[in-house]
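Peer 1: Just need the structure, nothing else, for what follows:
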Amino acid sequence: MEQLKKLLQDVNLILQKEKVRKEESRKRGERFNVFEMLGVAHYEVTHSKIIAGFMNPQGSHGQGDLFLRLFLQTIENNDKIYLDTSNAKVYTEYGIGVDGRLDIFIENGSHGIIIENKVYAGDQPEQLKRYNDFAKEKYGEGNYMIYYLTLYGHEASGDSANGIAYKCISYYEHIINWLQLCIHECATMPLVRETLVQYLNHIKQLTNLDMDSLNKEELIELLAEKNNFETVAEVGAFITDANNVKKVYSLKFQGNIYSIKKDLEKNDDISFPKPEDYDDRAIFVVKIGKIHVYIGWTRDKFPKAQLFCQVEYDSVYRAKSERPKRDGAFNDLGLDSLLNEKNDWCRYKYFKYDWRKAFDCLKKIVEIIIQHK
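Peer 2: You can find the predicted model right below:
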C-alpha cells in the first residue's frame, strides 16, 4: 500500500506540472479553440458535419477529393471496397425513410460507405441492421461498407448490430491520424490548415491526448520502473473489475448524490431506491411515481467508461419499438425529449455524457417530470 501511495504522489506531481503547462499555454492564447467555444464536444450531428465537410470533394476547402482519399487510406477502406473519390458525394443526416438517417454517407453511384457516429449517445434498436438492409438493397453484397465511429473504437451493441459486418474506427486513432495527414498536405494554406489544427486539438481534448509529450514520457518512465510495474498491474486488474469500478464512481460522486438527495427528499412523491436493487450499473436512482431516473456507468473499461442518465417508465420495461427522438443533446433537453409520438411518457430514454453533465441531466429531467407529472 505504501508503494501505491508513493506512486500516486509521484503521478500527481507530473499531472500538476501538466496542469500548470496548460494554464500557461491558455494565457498565451494557444488553447483558443472555436470548436470548444461552440460546445461541439457533445453534439454528434455537428461532429458529423465537420468531418463530412472536410471529406466533401466539392467542399469550400478547395482541395478536391484529397481529404476523402486520405480518410479512406487511414481507415484502410481500399482493402474492403474500391470507391472512386473523383465523383463521390458526401452527405450528413441522409434520410432512408422509416429506417432512420445515416450520420455520414459517402457514395459514387455503384458503391457506398456508411459511417455511424457515436460520441456519447447510445445505440438504437437494430440500428446498424436497418442501415445494412438499406445498403444491401441499394448496392448489393460486397459493394458497401459500414463503419462504427466512437471515441475509442468500441463495438456496437448486439441489439444494434447482431449478425452485421461492420468495422470499428475511432476518434482516438483514425480521426486524429487522418487530420494530421490533412494538416501536412495543407502546410501552405493557412486558413484550411489552422481550421484542421483547431479541430485536431479539440479531438485530442475529447480523447485525453492533449498531454505534453515530455510530461507523457516522464509518466510512462515512472510507471515502467521496476518497483512500480507490479503496482500498476495490480491497480489495472483492480479497476477492470465491475464491482470495484462501481464503488469508485459511487465514492467519486457521493457529493453530487448527497446534494441532489438533499434538494429532493422534501418532496413526498420522490424516493431513492437502492442502486444495487435496481441495476448492476446504477450508482444513484430517483423514483417519481412510476418513473425511474438513474445515473449509471457504461460498460467500457475504466477509465474510458462514461456516465449515463437513464429514464424508465413503469418499472424497467424497455420498449424497443419506442425509438427515442433525441438522446444526448443536453442543451435541447426538455419535455419533448421525454415524450413519445402519442405524447405519453417514453418508457425508455438514454442520455450519455461525460461525468460533468450526467448529474446536471438527472436534475433537469427530474425538474421536468415534477413540473408536468
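Peer 1: for the stretch 151-300 of the chain, what spans make up the strands?
Peer 2: Here the stretch 151-300 of the chain has its strands, by DSSP state E, counting those that start in this stretch, at 167-170, 270-271, 282-288, 291-297.
Peer 1: Sheet partners, orientation included, of the third one?
Peer 2: Applying DSSP bridges to the sheet, strand 282-288 is found paired with strand 270-271 (antiparallel), strand 291-297 (antiparallel).
Peer 1: where does the stretch 201-350 of the chain dip in pLDDT?
Peer 2: Applying pLDDT under 70 to the stretch 201-350 of the chain picks out residues 213, 226, 236-245, 298-306, 314-333, 337, 340-341, 343, 347-348, 350.
Peer 1: in it, which spans are helices?
Peer 2: All helices of the stretch 201-350 of the chain, identified by DSSP state H, counting those that start in this stretch, fall at 213-224, 226-239, 242-252, 254-264.
Peer 1: Using PDB, list the CA coordinates for stretch 76-96.
Peer 2: The C-alpha trace of stretch 76-96 is given here as PDB (Å, rounded to 0.1, in the frame of the first residue of the first chain):
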ATOM      1  CA  GLU A  76      -7.800   1.100 -44.900                       C
ATOM      2  CA  ASN A  77     -11.100   1.100 -46.800                       C
ATOM      3  CA  ASN A  78      -9.500   0.200 -50.100                       C
ATOM      4  CA  ASP A  79      -8.800  -3.200 -48.700                       C
ATOM      5  CA  LYS A  80     -12.600  -3.700 -48.400                       C
ATOM      6  CA  ILE A  81     -14.200  -2.000 -51.400                       C
ATOM      7  CA  TYR A  82     -13.000   0.400 -54.100                       C
ATOM      8  CA  LEU A  83     -14.700   3.800 -54.100                       C
ATOM      9  CA  ASP A  84     -13.800   6.200 -56.900                       C
ATOM     10  CA  THR A  85     -13.400   9.500 -54.900                       C
ATOM     11  CA  SER A  86     -13.200  11.700 -58.000                       C
ATOM     12  CA  ASN A  87     -17.000  11.700 -58.400                       C
ATOM     13  CA  ALA A  88     -18.000  10.800 -54.800                       C
ATOM     14  CA  LYS A  89     -20.800  12.700 -52.900                       C
ATOM     15  CA  VAL A  90     -20.800  13.100 -49.200                       C
ATOM     16  CA  TYR A  91     -24.000  13.600 -47.100                       C
ATOM     17  CA  THR A  92     -24.900  14.000 -43.500                       C
ATOM     18  CA  GLU A  93     -28.200  13.000 -41.900                       C
ATOM     19  CA  TYR A  94     -29.100  11.100 -45.100                       C
ATOM     20  CA  GLY A  95     -32.700  10.000 -44.800                       C
ATOM     21  CA  ILE A  96     -33.600   6.400 -45.600                       C
END
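Peer 1: neighbouring contacts of that stretch?
Peer 2: If you take Cβ atoms under 8 Å, 6 or more residues apart in numbering as the criterion, stretch 76-96 is touched by 45, 48-49, 52, 55-58, 65, 68-69, 72, 101-109, 111-113, 130-131, 134, 142-145, 167. For glycine as for every other residue, the C-beta is placed from the backbone atoms N, C-alpha and C.
Peer 1: Weed out the non-buried ones from those residues.
Peer 2: 45, 48-49, 52, 55-57, 65, 68-69, 72, 102-107, 111-113, 130-131, 134, 143-145 (16 or more other Cβ atoms under 10 Å).
Peer 1: just to revisit the earlier point, dump the strands paired with strand 282-288 into a markdown table; add distance to N215 as well.
Peer 2: A markdown table is the format used below for these (distance: least, Cβ to Cβ, whole Å):
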| stretch | distance to N215 |
| --- | --- |
| strand 270-271 | 45 |
| strand 291-297 | 28 |
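Peer 1: Can you say which of the ones you listed is nearest to L196?
Peer 2: strand 291-297 (33.4 Å; Cβ to Cβ).
Peer 1: Going by neighbour count, which residues of the closest one are buried?
Peer 2: Neighbour-count burial for strand 291-297 [16+ other Cβ under 10 Å]: 291-297.
Peer 1: How about stretch 257-266?
Peer 2: In stretch 257-266, counting by 16+ other Cβ under 10 Å, buried: 257, 260, 264.
Peer 1: Kindly report the same for stretch 202-222.
Peer 2: 202-207, 210-211, 218-219.
Peer 1: Out of the residues you listed, flag the one nearest to E312.
Peer 2: Closest to E312, out of all of the buried residues of stretch 202-222 and judged by Cβ to Cβ, is L206, at 28.6 Å.
Peer 1: got the domain boundaries for this protein?
Peer 2: 2-31+210-239, 34-206, 243-372 (automatic domain parsing).
Peer 1: Straight-line length of the second one, end to end?
Peer 2: Pointing back at domain 34-206 there. 14 Å (Cα to Cα, to the nearest Å).
Peer 1: what's next to stretch 249-258, contact-wise?
Peer 2: Contact with stretch 249-258 is made by 275, 283-284, 295, 297, 307, 355, 359, as judged by Cβ under 8 Å, 6+ apart.
Peer 1: If any of these are buried, give me the PyMOL selection for them.
Peer 2: If you want just the buried ones from the contacts of stretch 249-258 in PyMOL, going by 16+ other Cβ under 10 Å, the selection is:
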select buried, resi 275+283+284+295+297+307+359
